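Enquirer: from the sequence below, what's the structure:
(chains A and B)
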2 protein chains.
Amino acid sequence: MTITITAFERSPDGGRGLARDTRVRWALEEAGQPYQVRLVSFQAMKEPAHLALHPFGQIPTYEEGDLVLFETGSIVLHIAQHYPGLLPDDANARARAIMWMFAALNTVEPPILELTTAKIHEGDRPWTQARLPLVEERIRARLAQLSRHLGDAAWLDSAFSAGDLMMVSVLLRLKSSGILDEFPNLAAYVSRGEARPAYKRAFAAQLAINKRD
Amino acid sequence: MTITITAFERSPDGGRGLARDTRVRWALEEAGQPYQVRLVSFQAMKEPAHLALHPFGQIPTYEEGDLVLFETGSIVLHIAQHYPGLLPDDANARARAIMWMFAALNTVEPPILELTTAKIHEGDRPWTQARLPLVEERIRARLAQLSRHLGDAAWLDSAFSAGDLMMVSVLLRLKSSGILDEFPNLAAYVSRGEARPAYKRAFAAQLAINKRD
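Expert: Numbering: from 1, shown residues only, chains lettered A, B, ... in the order given. This next block holds a predicted model:
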């Protein structure tokens, strides 16, 4: 069955790969599954046809036969559970890989999203300059714990998994902030993710859309 | 195999059921699985023995034989995938139930957590009173979309699932703010969750710990 995902017609990040379709593209590339992309404008995202697929009016969505999914975490998990390459065979190791997906999305990403929100949605507010160090400290607290867990391991739980795919994707949001470089083992971890051929193909595919005329 | 979870020795919410062990207790009650609870103090949560189970030093954790999990979403998903009562049989409906778990944790909860953070960690800052309306508007924007999707349905995707368990648990955080009451169908949805016998048992179990002498 054909897999179709949606992506921004023009990503707000101009092709830096931070839009969430990159995470889904990466998962599909790791799993070796071809996919089609339907581009959606900001206006179309808020219209009934797209809202019928995604009630929160965002991208990506995932269509495969009768199945329609939104929410990046659930799409990546679906791909990981149905195609090889993203989850270990051992049942306990599989549960732990999924655990790291949730940890990326629900423990590590929320303080990082606060930084994005502070800069984009509150950038012109009088308190933002004074407030940013507090937001950054909350990110550092999480990264310190993650860095301690990772130590000098290559991946979060022995072999690369969907948990690493999600954690690397979340940490990539920090690249321009400089915070990541304060934790050399995490910076190296992110670089290992970016060096994977599947990530490179996913990044190139989203870049091709965002750099076209 | 015995299931053991961890919970706060004293929950910061004094037993209102908002600590995340309530979500896991609720899932175990829906699945009809007995469990043991090991209480952890704030100090013990930051010590090596607990950090070996949970690198972010939080509760709950989940131990079952050789399996150790942290991260509430992954624990609830593990319970849902291994015991009956929390996921539909149909493969597509199952994927959608899991999708709603991720939507609860990664789309609806982050702006709600921002409100908690603003009140608890920035409550004494000079900007907080001026900033709170912006944080609340971001929550309302999400709830309006969720409310539109739910309409007059009882649950998010036909039958009650782990997706509803997680969404109700996330929305319960808003109960004291008054924001939930602005969306009568969501308030009724949360009440439907609270009325479930399994939720009542989970709530009572955490309350018993937090109200003891």
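Enquirer: now do the domain split for chain A, please.
Expert: A:3-85+A:198-210, A:91-196 (automatic domain parsing).
Enquirer: wait, does the shortest one contact chain B?
Expert: The reference is to domain A:3-85+A:198-210. Yes: remark: domain A:3-85+A:198-210 sits within contact range of chain B at A:51, A:55-58, A:66-67, A:69-74, A:77-78, by C-beta under 8 Å from any C-beta of the partner chain. Glycine gets a C-beta too; all of them are placed from N, C-alpha and C.
Enquirer: pull out the buried residues from the residues you listed.
Expert: A:51, A:55-58, A:67, A:69-74, A:77-78 (16 or more other C-beta atoms under 10 Å in any protein chain shown).
Enquirer: sort out which of those residues are in strands and list them.
Expert: A:Leu67, A:Leu69, A:Phe70 (DSSP state E).
Enquirer: grab the nearest non-local neighbour of the second one.
Expert: Using C-beta to C-beta, 6 or more residues apart in numbering or on different chains and skipping residues adjacent in sequence, the residue nearest A:Leu69 is A:Tyr62, 4.4 Å away.
Enquirer: check A:Ala95 too.
Expert: Leaving out its chain neighbours, the residue that sits closest to A:Ala95 by C-beta to C-beta, 6+ apart is B:His78, at 5.3 Å.
Enquirer: separation between the one you found and A:Pro60?
Expert: 25 Å (C-beta to C-beta, to the nearest Å).
Enquirer: after the longest helix belonging to chain A, next one along is what?
Expert: As assigned by DSSP state H, the longest helix anywhere in chain A is helix A:128-150. Remark: after helix A:128-150, the chain's next helix or strand is helix A:162-172, criterion DSSP states H and E.
Enquirer: run the chain-centre distance for that following helix.
Expert: 6 Å (C-alpha atoms, centre = their mean, to the nearest Å).
Enquirer: which residues touch that helix?
Expert: A:17-18, A:22-23, A:26-27, A:30, A:73, A:76-77, A:79-80, A:86-87, A:96-101, A:103-105, A:108-109, A:112, A:146, A:155-157, A:180, A:186, A:189-190, A:192-194, A:199 (C-beta atoms under 8 Å, 6 or more residues apart in numbering or on different chains).
Enquirer: out of the residues you listed, which end up buried?
Expert: A:17-18, A:22-23, A:26-27, A:30, A:73, A:76-77, A:79-80, A:86-87, A:96-101, A:103-105, A:108-109, A:112, A:146, A:155-157, A:180, A:186, A:189-190, A:193, A:199.
Enquirer: among these, name the ones in helices.
Expert: Using DSSP H, the buried ones among the contacts of helix A:162-172 in helices are A:22-23, A:26-27, A:30, A:73, A:76-77, A:79-80, A:96-101, A:109, A:112, A:146, A:186, A:189-190, A:193, A:199.
Enquirer: how much space between the residue nearest to the spatial centre of chain A and chain B?
Expert: Central residue check for chain A by C-alpha atoms, centre = their mean: the C-alpha nearest the mean position is that of A:Ser169, 3.9 Å away. Look at A:Ser169 and chain B: by C-beta to the nearest C-beta, to the nearest Å, they are 12 Å apart.
Enquirer: beta partners for A:Thr4?
Expert: Applying DSSP bridges to A:Thr4 gives these bridge partners: A:Gln36, A:Glu63.
Enquirer: wait, what's in contact with the nearest residue to A:Ala141 once chain neighbours are set aside?
Expert: Nearest residue to A:Ala141, sequence neighbours excluded (C-beta to C-beta, 6+ apart): A:Pro111, at 8.0 Å. By C-beta under 8 Å, 6+ apart, the contact set of A:Pro111 is A:Val135, A:Arg138, A:Ile139, A:Ala141, A:Arg142.
Enquirer: quick check, nearest of the residues you listed to A:Arg212?
Expert: Among the contacts of A:Pro111, A:Ile139 lies closest to A:Arg212 (C-beta to C-beta), at 33.6 Å.
Enquirer: what sits closest to A:Met101 if chain neighbours are left out?
Expert: A:Met166 (4.6 Å).
Enquirer: please tell me how far the residue of chain A found nearest chain B sits from B:Glu122.
Expert: Proximity of chain A to chain B (C-beta to the nearest C-beta) peaks at A:Trp127, 3.2 Å away. The spacing between A:Trp127 and B:Glu122, counted by C-beta to C-beta, is 9 Å.
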